[in-house]
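>>> Predicted model, plus sequence, below.
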Amino acid sequence: MPKAPIIDILIARDGDSWRIYSAPRSWRTPFSLSADARADIRRVGQPDLADLDRFMWEVDAPFERRPTAEGGIEIVAAGRSAVVLVIWLHDLIACGQPA
């Protein structure tokens, strides 16, 4: 039986912008579209945590999120919740890409 996908990411400030960092155990497929030179780091828009909470709640997709001391956020989701989180992350990643 295949393992359930896991998304384990950190969204943190990088100067005036935001970046997303994927943990080594994180499912790579959904992020390959927006990767920069380092496959684990991408520029993203500023995360709206209230929107994330609402979105995940509405589709009954439990996840964990923890703030960092520097103002970032770590997000972990597994199985079906990881797939749902990818949908929310899609727009966040698209907002951070140059036009």
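Cool, got the structure. Values in this document were obtained by computation on a predicted structure and should not be read as measured data. Numbering: from 1, shown residues only.
>>> buried ones in the biggest strand by length in the chain?
In the chain, with assignment by DSSP state E, the single longest strand is strand 6-14. Going by neighbour count (16 or more other CB atoms under 10 Å), the buried part of strand 6-14 is 7-12. From N, CA and C alone the C-beta is placed, and that goes for glycine too.
>>> Tell me the neighbouring strands of the helix or strand following that strand, and mark each as parallel or antiparallel.
Toward the C-terminus, strand 6-14 is succeeded by strand 17-22 as the next helix or strand (DSSP states H and E). Each strand paired with strand 17-22, and its direction, by DSSP bridges: strand 6-14 (antiparallel), strand 41-44 (antiparallel).
>>> JSON lines for the buried residues of strand 6-14, including distance to R80 and pLDDT?
Below are the buried residues of strand 6-14 laid out as JSON lines (distance: CB to CB, whole Å; pLDDT from 0 to 100):
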{"residue": "I7", "distance to R80": "11", "pLDDT": "91"}
{"residue": "D8", "distance to R80": "16", "pLDDT": "92"}
{"residue": "I9", "distance to R80": "17", "pLDDT": "92"}
{"residue": "L10", "distance to R80": "22", "pLDDT": "92"}
{"residue": "I11", "distance to R80": "21", "pLDDT": "93"}
{"residue": "A12", "distance to R80": "26", "pLDDT": "92"}
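>>> I'd like those residues laid out as JSON lines, including distance to I20.
Formatted as JSON lines, the buried residues of strand 6-14 follow (distance: CB to CB, whole Å):
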{"residue": "I7", "distance to I20": "10"}
{"residue": "D8", "distance to I20": "11"}
{"residue": "I9", "distance to I20": "6"}
{"residue": "L10", "distance to I20": "7"}
{"residue": "I11", "distance to I20": "5"}
{"residue": "A12", "distance to I20": "8"}
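>>> Closest one of those to I75?
I9 (5.3 Å; CB to CB).
>>> Quick one: list the elements packing against the top helix by length along the chain.
Counting residues, the longest helix in the chain under DSSP state H turns out to be helix 80-95. Helices and strands touching helix 80-95, as assessed by 3 or more CB pairs under 8 Å, 6 or more residues apart in numbering; DSSP states H and E, comprise strand 6-14, strand 17-22, strand 41-44, helix 49-58, strand 73-78.
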